[in-house]
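Undergrad: give me a model of this one.
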Amino acid sequence: MALALQWHPCRVHEGYGVASGRSPDTPYPAGSISLQAPLFAARGIDLSRYYSGTLNLGFDDTRWQLRCPDAQIEQLRWTDRHPPESFSFWSVALRWQGQPESVAGLIYWPHPETKCAHHQDSDRLEVLAPWIAGIASVQALELGVDPGRCRRIRPRRLQAQLLEACKFRVLASQEAFFADFERDGQLVPASLRRWIQGVLPLALDLSDAELAAVLAQARDLYCESGPSRAV
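TA: Got it, this is the predicted structure:
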């Protein structure tokens with residue numbers, strides 16, 4: 001692939017066995033990918049080079065922000081068992097950790113809002129790739145993605161960095177630090193995000209609930225009136 005990829009360590013996890021048809025309980029013995037592939041091909045997405053099943057790749061402390069897919073299909077009726085689904089695909093590469101050789105693959109993303117069952121955890125990606133013998137037992141894998149379109153967000157790391165950015169400001173200002181970010185005891189996200197923009201822009205990827213948790217922890221740890229110092 002010509003573009004500069006960003007590589008992320010990952011592990012193969014056991015999937016539901018629906019995409020490949022390996023699960024004894026699946027309603028699609030041939031596998032959902034085999035059923036979908038001809039319909040994808042009719043819309044210009046050729047999966048013939050890939051194994052008819054997905055690799056379920058896990059990434060520690062991660063959720064993915066995916067945008068501008070290479071291909072997208074809206075409202076595809078591929079089964080009569082549930083309503084149509086939408087799908088997006090991104091070109092990626094997979095390799096053994098630190099090795100130069102890689103194989104091309106695709107992120108396979110059934111849109112969660114149209115998917116009725118078998119939802120993936122936020123730290124997982126489903127990837128289509130050629131058959132690779134023994135890959136299920138390999139731990140040292142890396143996924144290469146276009147960082148402009150496939151961004152890995154690491155909430156716990158960002159929360160720790162934001163807490164550190166708050167530390168000395170809270171120690172110096174105490175409750176006055178929080179005045180600009182709260183109203184009637186409730187977080188005002190827009191105000192907090194304006195401050196974060198100038199301090200730690202990457203933390204803007206955190207949700208409002210995650211930001212509120214950082215403020216609560218900062219108050220507890222660094223304010224003289226925090227719960228940990230109550231008597």
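Undergrad: report the next helix or strand after whichever helix or strand Leu162 is part of in sequence order.
TA: Using DSSP states H and E, the element containing Leu162 is helix 155-173. As assigned by DSSP H and E, the chain's next helix or strand after helix 155-173 is strand 182-183.
Undergrad: partners of that next one in the sheet?
TA: strand 186-187 (antiparallel) (DSSP bridges).
Undergrad: average pLDDT across the strand it pairs with?
TA: Averaging pLDDT along strand 186-187 gives 89.
Undergrad: identify the residues contacting it?
TA: Contacts with strand 186-187, where a contact means Cβ atoms under 8 Å, 6 or more residues apart in numbering, come from 181, 208, 211-212, 215. Placement of C-beta: from N, CA and C, glycine included.
Undergrad: following element in sequence after that strand, please.
TA: helix 189-199.
Undergrad: what helices or strands is the following helix or strand past that next one leaning on?
TA: Per DSSP H and E, helix 189-199 leads on to helix 208-222 as the next helix or strand towards the C-terminus. Packing contacts for helix 208-222, counted by 3 or more Cβ pairs under 8 Å, 6 or more residues apart in numbering; DSSP states H and E, involve helix 155-173, strand 186-187, helix 189-199.
Undergrad: closest to Arg49 out of those?
TA: Comparison of these against Arg49 by Cβ to Cβ identifies helix 155-173 as nearest, at 34.8 Å.
Undergrad: buried residues, the closest one. List them.
TA: 155, 158-159, 161-163, 165-166, 170 (16 or more other Cβ atoms under 10 Å).
Undergrad: can you tell me the strand partners of the strand ranked longest in the chain and which way each runs?
TA: In the chain, ranked by residue count with DSSP state E as the criterion, the top strand is strand 85-96. Next to strand 85-96 in the sheet, as set by DSSP bridges, lie strand 71-76 (antiparallel), strand 103-110 (antiparallel), strand 141-145 (antiparallel).
Undergrad: just the CA coordinates for the shortest one, please, in CSV.
TA: So the one you mean is strand 141-145. Extracted in CSV, the C-alpha atoms of strand 141-145 (Å, rounded to 0.1, in the frame of the first residue of the first chain):
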residue,chain,number,x,y,z
LEU,A,141,0.4,-9.0,15.4
GLU,A,142,0.2,-5.5,14.1
LEU,A,143,-2.5,-3.8,12.1
GLY,A,144,-1.5,-1.0,9.8
VAL,A,145,-4.1,1.8,9.2
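Undergrad: just want the most central residue of the protein.
TA: Residue closest to the mean C-alpha point of the chain, counted by Cα atoms, centre = their mean, is Trp64 at 2.3 Å.
Undergrad: show residues contacting the strand or helix carrying it.
TA: For Trp64, the enclosing helix or strand under DSSP H and E is strand 63-66. For strand 63-66, the surrounding residues in contact (Cβ under 8 Å, 6+ apart) are 88, 90, 107, 109, 122-123, 125, 149-153, 155, 205.
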